[in-house]
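Colleague: Return atomic coordinates for the entry below.
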Amino acid sequence: MIVTERLILTPCALSDFDDCNVMRSDPKVMAFIGGNALPEDTWIKLLRNVGHWTSFGYGLFTLREKQGGRYVGEVGLAHFHRGLGDRFDPFPEGAWALASAAQGKGYGTEALEAVHDWFFERRDRGRTVCIIDPANTPSLRLGERLGYRPFGQAEYRGKPVTMLERLG
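Modeller: Model (predicted):
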């Protein structure tokens, strides 16, 4: 568990399904990350997230507000094996999705700074990567605030993405 000024971050758990499914049913949230998800898609991603913790000892965290426990979204570092090549796939990938009501409040920056600190307290500082749709300006700004810089363009699932890196 990670506790920040306004958030509590816990490893994703099966009990997060209902909240995660509501978020993944929101067209605003999903516009740049694959379109609206069916409940079974959300379930498969949640199982992957839970399994990631078992396999690697890290993964995506569920975010909840400290005051009241409202679901905020999920953020973390993971290995997704996207098939984007040796400059991308071997490295931990930053990932984030925030519920519409939580966007624009600085939660993403707060949570991801804490996650990166937590991760590198346990591992040697190194390179992390992420991909962002070039039209997703808010996510690109968040990545920039976190220290991610573009290093290439690629196609993922038939759509263009910007590949970014953050050096330890």
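
Colleague: where do the strands sit along the protein?
Modeller: 2-3, 7-11, 60-65, 71-78, 93-98, 128-132, 149-156, 159-166 (DSSP state E).

Colleague: Paired strands for the shortest one, with orientation please.
Modeller: Sheet partners assigned to strand 2-3 using DSSP bridges are listed as strand 7-11 (antiparallel).

Colleague: which parts of the partner strand are buried?
Modeller: 7, 8, 9, 11 (16 or more other C-beta atoms under 10 Å). Every C-beta, even on glycine, is put in place using the N, C-alpha and C of the backbone.

Colleague: packing partners for the longest helix seen in the chain?
Modeller: Identified as the longest helix of the chain according to DSSP state H is helix 39-56. Secondary-structure packing of helix 39-56 (3 or more C-beta pairs under 8 Å, 6 or more residues apart in numbering; DSSP states H and E): helix 17-24, strand 71-78.

Colleague: packing partners for the least confident helix or strand in the chain by mean pLDDT?
Modeller: Counting by mean pLDDT, DSSP states H and E, the chain has its least confident helix or strand at helix 27-30, which shows a mean of 85. Packing partners of helix 27-30 (3+ C-beta pairs under 8 Å, 6+ apart): none among the helices and strands.

Colleague: And for it, what's in contact with it?
Modeller: 23, 24, 35, 36, 37, 73, 97, 98, 99, 100, 103 (C-beta atoms under 8 Å, 6 or more residues apart in numbering).

Colleague: now do 7 Å
Modeller: Here helix 27-30 makes contact (C-beta atoms under 7 Å, 6 or more residues apart in numbering) with 23, 24, 36, 37, 97, 99, 100.

Colleague: residues of that helix that come out buried?
Modeller: Buried-residue list, helix 27-30, by 16+ other C-beta under 10 Å: 29, 30.

Colleague: In CSV, could you pull the C-alpha coordinates for that helix?
Modeller: Extracted in CSV, the C-alpha atoms of helix 27-30 (Å, rounded to 0.1, in the frame of the first residue of the first chain):
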residue,chain,number,x,y,z
PRO,A,27,-16.4,6.7,-23.3
LYS,A,28,-14.3,9.6,-22.0
VAL,A,29,-12.0,7.4,-20.1
MET,A,30,-11.7,4.8,-22.9
